[in-house]
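Asker: Got a predicted structure plus its sequence, pasted below:
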Amino acid sequence: MKRNSDLKLIITFTALTFLLTVAVVIAWEKLLLPPFYSWVDSLYPGEAHADLRWKVQQRVEHFVISVAVDMVVVTLLLRVVRRQQREAAASEARYRALFEHSGAGIAFFEAEGGRLAEANDRLCELLGLRQPEMAGRTVSDLLRPRSEEDRARLADIHAAGPGPREGEVVLRTEAGADLPVFLSFDTLPTAGGSVGLLVARDLSARWQLKEEKEEMRRQLYQTSKLAAVGELAAGVAHEINNPLNGIINFAQLLKDEPAPRSDFERQMIDGVIEEGERIARIVRELLAFARHDEYEPGEVSVASLVGVSLSLFGRQLEREGVRVEVDVPVDLPPVRGDGPRLRQVVVNMISNARHALREAEGDRLFRVSARSARSGGRPVVCLEFYDTGVGVPPENLGRLFDPFFTTRRDSGGTGLGLSISFRIVRDHGGRLRVESEPGRYTRFTAELPAAEVDAAPAPATEVGHA
């Protein structure tokens, strides 16, 4: 296409030059030749100057015709060149605007060696670098995969054959954060050889939507499972409750009877009563788990909620050597809900943390914090419970909110505390999430809707997803 355009231009200007030459020759002969020849004849008269007159006339004639044609042709050529320059400048401005303002990160690099030639600001923003820091780097220096799996995937994309190569990779930014991107590599021909093109599109929003969808699916599954287990638990608890009360009462009557008994007999009777009361406590928890009481929502102060709940465990945690930190601003917006039920959630969280810290070594910390935030376009209060206990193995994280699942079966755990807490938070229109690293920490986050929807208390941040 370029060669055809050049050939067309050459033919056009050749024909134009020929036509201009003919026109100038005709104009010269008709208009300028007679007076010019007369002037030369008067300047060099006589036969002695005949040869000189002829030379002067011919040379001036050739010069005038050549200069006239050249001036017109050069003028036209300059106009064509300037028009092409303007078009090239406009085209470069358009592509420069596209390059600089693109939503994707774009970079050009040397096809051989991969040294960076130019990168737009969006790519710098994605990777957490500034323009001066990009200079002299190669593509391998810029794109740091998160894991060996991502490294192998990036190598496959980068080292593929000719034509576009693309794929999804999780990179590690300069600040150490994970960045899911869709990378595209290509090789573009240029006048001096070829140049490499890199395009990086941020997939963080898509991944967040995927995580939210998975969280919603898990919440729905958990809700249906809790409802089914709740119905079963209610029936079993009611069936057990009456005979259990009879067993405890009969044992208590035996204990109160004034008949002489041996130490062994008294221990057996006390054991029956103690284990019966333990079963009774489990039955009460089952009934509480299965019960769907209606409640009148009101405004509940988060600071008061945490303060009252911690007062039940403060002395015990202090005696056990646990360092307690509380960061709950008093000016947080209240949450809308039932105070006793929400207090049950806080008490369950503190109790779980206390048991996890008993088995931990080193510095034992329990921290309760709260902050105002926004989630899904609505104001919420995030209540966080953090402990440096033994943590939760990854294989157990997905089962923590399952009814009757517990890792403390030997120490009296029933596996209902977290299930009840999950249901209470859900019934209040909130979410309960957990993250943990075995041997290091566990963090529960209860996200509860704020009571004052139209209020604007403290600056709120958008809530992420664990």
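Answerer: Done, it's in.

Asker: got a list of what the residue nearest the centre of the chain touches?
Answerer: Against the mean C-alpha coordinate of the chain, by C-alpha atoms, centre = their mean, the closest residue is residue 204 at 3.1 Å. Residue 204 sits next to 179-180 when contact means C-beta atoms under 8 Å, 6 or more residues apart in numbering. Placement of C-beta: from N, CA and C, glycine included.

Asker: Relative to residue 377, how far out is it?
Answerer: Per C-beta to C-beta, to the nearest Å, residue 204 is found 18 Å from residue 377.

Asker: where does the stretch 1-150 of the chain have low pLDDT?
Answerer: Residue ranges of the stretch 1-150 of the chain with pLDDT under 70: 1-3.

Asker: my bad, should have said the stretch 151-300 of the chain
Answerer: Using pLDDT under 70, the stretch 151-300 of the chain drops low at 159-163, 191-192, 215, 219-239, 281-296.

Asker: ok, now with 50
Answerer: Within the stretch 151-300 of the chain, not a single segment meets pLDDT under 50.

Asker: for it, what spans make up the strands?
Answerer: 165-172, 178-190, 193-202, 298-300 (DSSP state E, counting those that start in this stretch).

Asker: Among those, which comes closest to residue 106?
Answerer: Closest to residue 106 of the strands of the stretch 151-300 of the chain is strand 193-202 (C-beta to C-beta; 5.6 Å).

Asker: Show me what the closest one is packed against.
Answerer: Using 3 or more C-beta pairs under 8 Å, 6 or more residues apart in numbering; DSSP states H and E, the elements in contact with strand 193-202 are strand 105-110, helix 121-127, strand 178-190.

Asker: Can you list the strands that that strand pairs with?
Answerer: strand 105-110 (antiparallel), strand 178-190 (antiparallel) (DSSP bridges).

Asker: Which parts of the stretch 351-466 of the chain are strands?
Answerer: Counting by DSSP E, counting those that start in this stretch, the stretch 351-466 of the chain has these strands, from start to end: 365-375, 378-387, 431-437, 441-449, 461-462.

Asker: Of all those, which one comes closest to residue 29?
Answerer: Here strand 461-462 is closest among the strands of the stretch 351-466 of the chain (C-beta to C-beta), at 86.0 Å.

Asker: neighbours of the residue lying closest to residue 109 once chain neighbours are set aside, just the number please.
Answerer: Nearest residue to residue 109, sequence neighbours excluded (C-beta to C-beta, 6 or more residues apart in numbering): residue 196, at 4.5 Å. Residues near residue 196, counting by other C-beta atoms under 10 Å, number 21.

Asker: Just to check, residue 196 is in contact with residue 138?
Answerer: No - Residue 196 lies out of contact with residue 138 (C-beta atoms under 8 Å); the separation is 10.5 Å.

Asker: joint contacts of the two?
Answerer: Common neighbours of residue 196 and residue 138 (C-beta under 8 Å, 6+ apart) are 109, 114.

Asker: For the stretch 151-300 of the chain, which segments count as helices?
Answerer: 204-256, 263-290 (DSSP state H, counting those that start in this stretch).

Asker: do the stretch 1-150 of the chain as well
Answerer: Counting by DSSP H, counting those that start in this stretch, the helices of the stretch 1-150 of the chain are 2-27, 33-43, 50-101, 121-127, 131-134, 139-142, 148-158.

Asker: in stretch 263-278, what's buried?
Answerer: Residues of stretch 263-278 classed as buried: 269, 272-273, 276 (neighbour count, 16 or more other C-beta atoms under 10 Å).

Asker: coming back round to it: most packed of the helices of the stretch 1-150 of the chain?
Answerer: helix 121-127 (a mean of 19; mean count of other C-beta atoms under 10 Å).

Asker: What lies in contact with that helix?
Answerer: Helix 121-127 has contacts (C-beta under 8 Å, 6+ apart) with 100, 102-107, 130-131, 133-134, 142, 171, 173-174, 179, 181, 198, 200, 202.

Asker: how about 7 Å then?
Answerer: By C-beta atoms under 7 Å, 6 or more residues apart in numbering, the residues outside helix 121-127 that reach it are 100, 102-107, 130-131, 134, 142, 173-174, 179, 200, 202.

Asker: which one of the residues you listed is nearest residue 344?
Answerer: Once C-beta to C-beta is applied, the member of the contacts of helix 121-127 that ends up nearest residue 344 is residue 179, at 40.2 Å.

Asker: Show me what the residue nearest to that closest one when sequence neighbours are not counted bridges to in the sheet.
Answerer: In this structure, residue 179 finds its nearest non-sequential neighbour in residue 171, 4.7 Å apart by C-beta to C-beta, 6+ apart. Beta-bridge partners for residue 171, by DSSP bridges, are residue 145, residue 179.

Asker: How much space separates residue 171 from residue 135?
Answerer: In terms of C-beta to C-beta, residue 171 sits 20 Å off from residue 135.
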